[in-house]
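Novice: Sequence first, predicted model second:
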Amino acid sequence: MRFRSFALALIASAAPVAAIAQEVSGLAAMHDMRREKGKLCMSDHWHSGSGVGPSKAAAQKSAIRSWMDFTDLEYGGRWSSFANAAGKNVSYSKESNGWSASVEARPCYR
């Protein structure tokens, strides 16, 4: 009976680890993870992107696309949604021919 209780406790404690292991593969597995607002996020790894455009909105769209493309290349499509990312920061600068935007965020997925 003691062994059975121990085995059940061991299985129950391993379930969260097994769930994360199924969700994380490839290069993403190199990073520390944590759950945030129902998403699995990289806890200390940031990606950045930059872009330019005739307006702030166009520059931001270009920067987000840059972030998404690189994140997709490195970790795959499950991680590349900027909408799901955590810790987002966006900055702008006015250029002579339009706007420049920079974004950074930690990759997550639901």
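Specialist: The structure has been received and is ready for your questions.

Novice: alpha carbons only for contacts and neighbour counts from here, please
Specialist: OK.

Novice: Buried ones in stretch 89-103, by neighbour count?
Specialist: Within stretch 89-103, the residues scored as buried using 16 or more other C-alpha atoms under 10 Å are 92, 99-103.

Novice: no wait, stretch 75-87
Specialist: 75-76, 79-82, 84-86.

Novice: Sort out for me which of those residues are in helices.
Specialist: Using DSSP state H, the members of the buried residues of stretch 75-87 that fall in helices are Tyr75.

Novice: Looking at the buried residues of stretch 75-87, spot the one nearest Gly49.
Specialist: Distance ranking of the buried residues of stretch 75-87 against Gly49, using C-alpha to C-alpha, places Phe82 first at 10.6 Å.

Novice: how far does stretch 94-110 stretch from start to finish?
Specialist: End-to-end span of stretch 94-110 (C-alpha to C-alpha, to the nearest Å): 35 Å.

Novice: Same question for stretch 40-47.
Specialist: 16 Å.

Novice: ok, residues contacting it?
Specialist: Applying C-alpha atoms under 8 Å, 6 or more residues apart in numbering, the external contacts of stretch 40-47 come out as 31-35, 67, 71, 85-86, 104-110.

Novice: Max pairwise distance over the buried residues of stretch 75-87: which two?
Specialist: Maximum distance among the buried residues of stretch 75-87 (C-alpha to C-alpha): 16.8 Å, for Gly76 and Ala86.
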